[in-house]
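Novice: Sequence below, structure please.
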Amino acid sequence: MNMLVKDFDYDLPPELIAQHPLPGREDSRMMVVHRATGEIDHSQFRSFPDYMSNGDVIVLNDTRVIPAKVYGMKKSADEHLRGHGVATKHPIREKPKPGDSRPDAPSLEGPEASVKVEFLFLKEVQPRIWEVLCRPAKKVAAGDRIYFSPGFEAEVIGRRELGKRILRFKHPEVLQLLDKVGFAPLPPYIKRGLNRAAMRPRDLERYQTVFARKSGAIAAPTAGMHFTKRILAELKKKGARLQTITLDVGLATFQPVRVERVEEHRMLDEPYEISPAAARTIATAKKEGRPVLAVGTTVVRALESSSDRAARLKQIDSDITPLCPEEDPRDAGADKIKKRTDGENIEGSEGKIKSKHSADDEIMPAVISGSGTTSLFIHPGYEFKVVDRLLTNFHLPRSTLLMLVSAFAGRDIILRAYEEAVLKRYRFFSYGDCMLII
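Specialist: Here you go, the predicted model:
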């Protein structure tokens, strides 16, 4: 299907971008879209359990958002050397006096000046070494030292594309230090300004789901932020089967689309993990014809990626010619994989998957348990294999998330729903209202 990115544009008044969460998580409005008919209803999230039935499977993403945004003071390599008594080619300039506008007046401009930089901690590459995104990136060079707080400092040891840098820390427990000084990694359309410090505790609490468990995300799975313990208990009471998977939300989820044609966009990798219990529950539901509801687009991508791999794995299993005991697996060729009882590794365009097989995995089509990475880009034309229903927030124009929900419900239905959401003054994006597609 040949589509243009501009086909997923819509007009959104800036005042509809939610800047703060509502007092209660359940207070959000919920638009209900019937994808078979295109009918649209208006409800509230506290009524979400009314749309569920006994045996329905609800899959949530239990990733925990780390306080990944930190502000640091950069000092150049020259400054660091001078601090250790080493002469450099850049002399130290004294601080200018107020009103001193002489051309030769002292200045702090130049390579020796300290610069405040915003850092977004992306992932730990290895112990004490992290990949970060910094702004302004042009101010941060290899050899610079970054000071975040007493005892929390790093050296820039590498440079990567699109504003990424590699930092090496003295302290091994970087996550503990982030917990002390880091901010919730709110998206740029949520403005805090001078209220950043005052809003920090509330943002750290509300830019997180109540069922978050495994630290690793740099953005929240926002559809899950509407749930409360009361809602979860009510769903269990109705007989809904709640399962969690983990997808650590990273840059892929909110990376901008910089191409004109949709199919030319490439997603970045994000790691995910599906437990054996979740895989069995989903597989059984699919076999019995019970619906599987994904809470958020991250769950959709994890489940559909795992299903794609499950299909590939079965195809590989059926195509493999068993190796004779005397054959060396290294001589079998790149297109042969030796079957094992303890699991398999599959290398593909989307990364690696490590899976454990059992008799339960033969209940297909569904997903397989294990960990992997996904770069799956879902857009109109994609055939869904696992997800039957979707709870999601309202997404940015021209975003991959809007393309995913358009693939699920139909572009025309979704754009009409968004137009109605604007007319009804729904709140948009991360701290906004939600949409249930059934």
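Novice: Look up the residues forming beta bridges with residue 133.
Specialist: residue 120, residue 164 (DSSP bridges).
Novice: what's around it, how many residues?
Specialist: 20 (other Cβ atoms under 10 Å). All C-beta spots, glycine's among them, are computed from the backbone N, C-alpha and C.
Novice: Low-confidence ranges, the stretch 101-250 of the chain, go.
Specialist: Across the stretch 101-250 of the chain, the ranges flagged by pLDDT under 70 are 101-114.
Novice: And for the stretch 301-438 of the chain?
Specialist: 310-365.
Novice: Now do the helices in it.
Specialist: Assigned by DSSP state H, counting those that start in this stretch, the helices in the stretch 301-438 of the chain fall at 400-409, 411-423.
Novice: by how many degrees do the first one and helix 411-423 diverge?
Specialist: In other words, helix 400-409. 120 degrees (axes from the mean of the first three to the mean of the last three Cα atoms, to 10 degrees).
Novice: Use 592 as the first number for this chain going forward.
Specialist: Let's use 592 as the start, then, which means that last one is helix 991-1000.
Novice: Return the distance of helix 991-1000 from the chain's centre.
Specialist: 16 Å (Cα atoms, centre = their mean, to the nearest Å).
Novice: again, but for the longest one
Specialist: Averaging C-alpha positions (Cα atoms, centre = their mean) puts helix 1002-1014 24 Å from its chain's average.
Novice: elements contacting it?
Specialist: Under the contact definition 3 or more Cβ pairs under 8 Å, 6 or more residues apart in numbering; DSSP states H and E, helix 1002-1014 sits against strand 620-624, strand 631-635, helix 991-1000.
Novice: could you redo the last one with a cut-off of 10 Å?
Specialist: Contact partners of helix 1002-1014 among helices and strands, from 3 or more Cβ pairs under 10 Å, 6 or more residues apart in numbering; DSSP states H and E: strand 620-624, strand 631-635, helix 991-1000, strand 1025-1028.
Novice: Report the distance from the second one to the chain centre.
Specialist: In other words, strand 631-635. That offset, for strand 631-635, works out to 27 Å (Cα atoms, centre = their mean).
Novice: strands paired with the very next helix or strand once past it, and their directions?
Specialist: Downstream of strand 631-635, the first helix or strand assigned by DSSP states H and E is strand 648-652. Note on strand 648-652: by DSSP bridges, its sheet partners are strand 832-838 (parallel), strand 883-886 (parallel).
Novice: Dump those strands into CSV; add distance to residue 724 and mean neighbour count as well.
Specialist: Shown next, in CSV, are the strands paired with strand 648-652 (distance: least, Cβ to Cβ, whole Å; neighbours: other Cβ atoms under 10 Å):
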stretch, distance to residue 724, mean neighbour count
strand 832-838, 19, 23
strand 883-886, 27, 26
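Novice: between these, which one is nearest to residue 732?
Specialist: strand 832-838 (33.5 Å; Cβ to Cβ).
Novice: can you list the domain ranges for this structure.
Specialist: 596-657+798-912+933-1028, 660-680+703-772 (automatic domain parsing).
Novice: Mind checking the ones you listed for the one nearest to residue 791?
Specialist: Checked against Cβ to Cβ, the stretch from those lying closest is domain 660-680+703-772, at 9.7 Å.
Novice: Between the two ends of that closest one, what distance do you get?
Specialist: In domain 660-680+703-772, first residue to last residue: 9 Å (Cα to Cα, to the nearest Å).
Novice: Figure out how far it is from the centre of its chain.
Specialist: 23 Å.
Novice: From the helices of the stretch 892-1029 of the chain, pick the one with the highest average neighbour count.
Specialist: helix 991-1000 (a mean of 24; mean count of other Cβ atoms under 10 Å).
Novice: returning to what we had before: may I see the helices of the stretch 892-1029 of the chain arranged in CSV, with distance to residue 609 as well?
Specialist: Putting the helices of the stretch 892-1029 of the chain into CSV (distance: least, Cβ to Cβ, whole Å) gives the following:
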stretch, distance to residue 609
helix 991-1000, 16
helix 1002-1014, 12
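Novice: re earlier: kindly reformat the helices and strands packed on helix 1002-1014 as JSON lines containing distance to residue 740.
Specialist: Below are the helices and strands packed on helix 1002-1014 laid out as JSON lines (distance: least, Cβ to Cβ, whole Å):
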{"stretch": "strand 620-624", "distance to residue 740": "40"}
{"stretch": "strand 631-635", "distance to residue 740": "42"}
{"stretch": "helix 991-1000", "distance to residue 740": "34"}
{"stretch": "strand 1025-1028", "distance to residue 740": "37"}
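Novice: Mind telling me which residue is nearest the centre of the chain?
Specialist: residue 840 (1.9 Å; Cα atoms, centre = their mean).
Novice: That residue: what secondary structure?
Specialist: coil (DSSP: H, G, I helix; E, B strand; the rest coil).
Novice: Could you do residue 844 as well?
Specialist: helix.
Novice: go on, residue 878?
Specialist: Criterion first, three-state DSSP; result for residue 878: helix.
Novice: looking at the helices of the stretch 892-1029 of the chain, which is closest to residue 985?
Specialist: That would be helix 1002-1014 among these, by Cβ to Cβ, at 6.1 Å.
Novice: Please enumerate the strands of the stretch 842-991 of the chain.
Specialist: Secondary structure of the stretch 842-991 of the chain (DSSP state E, counting those that start in this stretch): strands at 861-865, 883-886, 935-939, 942-946, 961-965, 980-984.
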